[in-house]
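1. this is a predicted model, with the sequence first.
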Amino acid sequence: DGGITQSPKYLFRKEGQNVTLSCEQNLNHDAMYWYRQDPGQGLRLIYYSQIVNDFQKGDIAEGYSVSREKKESFPLTVTSAQKNPTAFYLCASSATPQVPYEQYFGPGTRLTVT
Amino acid sequence: KQEVTQIPAALSVPEGENLVLNCSFTDSAIYNLQWFRQDPGKGLTSLLLIQSSQREQTSGRLNASLDKSSGRSTLYIAASQPGDSATYLCAVNNNDMRFGAGTRLTVKP
């Protein structure tokens, strides 16, 4: 089955700890994205990558870091510098970064930091 | 900066009713608009993608329209079913994707 997988589904961390969220796709898509979703709000873009070994900041990149060492993988690290990390995190991919493009989403990871 | 608004935030209808969900956006210079469905605690499932040159797209009981000049899109759901209960989000693409906050739909049996 082709698709996007995110793990784990639920993640709990203590304040001050860094945590890494996994995102893998087997769709052979060039572009990958990380979004954050908070209750009652639309998705907000954290980081995106158009090609291996390249990534760009989105609207809310502060306190997050990413890497893109392989085409199929785009892990997101939530650092201790992120002031309000508790949220639902969604990873997406698209065939190319060129417009027009259709984005496909993973099942999400719910992160709770206490 | 593109702003995307979805009204109403929540909608409850009896089964079998036809309904319309609304999406408005402030910058009409878009490449495409995408409607998604999101079930509680789940990721987004793409329903329909409308290119900027298109006026509407249909898939089964769903029909999405696009009026770029007025900055509006509607998602029409015919003969609603309890299984349609979910949050519906629209996303507008003009170089980057901007999402609305969604409409939470409940279809009562």
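-> All right, it came through fine. Keep in mind it's a predicted model, so treat the numbers as computed, not measured.
2. near chain B, which residues of chain A?
-> A:4, A:6, A:33, A:35, A:40-45, A:58, A:88, A:90, A:92, A:99-108, A:110 (CB under 8 Å from any CB of the partner chain). The C-beta positions use only the backbone N, C-alpha and C, and glycine is treated the same way.
3. rerun at 6 Å
-> Residues of chain A lying close to chain B (CB under 6 Å from any CB of the partner chain) are A:40, A:41, A:42, A:43, A:90, A:99, A:100, A:102, A:105, A:106, A:107, A:108.
4. which ones among those map onto strands?
-> The strands, defined by DSSP state E, take in A:90, A:105 from the residues of chain A next to chain B.
5. buried ones among the residues of chain A next to chain B?
-> A:42, A:43, A:90, A:100, A:105, A:106, A:107, A:108 (16 or more other CB atoms under 10 Å in any protein chain shown).
6. helix/strand/coil for residue 5?
-> Using chain A. Three-state call for residue A:5 (DSSP: H, G, I helix; E, B strand; the rest coil): strand.
7. quick one, what contacts the closest residue in space to it that isn't next to it in sequence?
-> Closest residue to residue A:5 apart from its sequence neighbours, by CB to CB, 6 or more residues apart in numbering or on different chains: residue A:24 at 5.0 Å. By CB atoms under 6 Å, 6 or more residues apart in numbering or on different chains, the contact set of residue A:24 is A:5, A:72, A:73.
8. now the buried members of those.
-> For the contacts of residue A:24, buried by 16+ other CB under 10 Å: residue A:72.
9. count of residues packed around residue B:2?
-> 17 (other CB atoms under 10 Å in any protein chain shown).
10. hmm, residue B:29 and it touching each other?
-> No. Residue B:2 lies out of contact with residue B:29 (CB atoms under 6 Å); the separation is 9.1 Å.
11. on that earlier part again, quick one: which of the buried ones among the residues of chain A next to chain B is nearest to residue B:56?
-> residue A:100 (16.1 Å; CB to CB).
12. from residue A:51, how far off is the residue of chain B found nearest chain A?
-> Per CB to the nearest CB, residue B:99 is where chain B lies closest to chain A, at 3.6 Å. Going from residue B:99 to residue A:51 by CB to CB, to the nearest Å gives 24 Å.
13. can you check residue B:18 too?
-> For residue B:18, the distance to residue A:51 - CB to CB - is 44 Å.
14. just residue A:5 next, same as before
-> 21 Å.
15. again with residue A:45
-> 17 Å.
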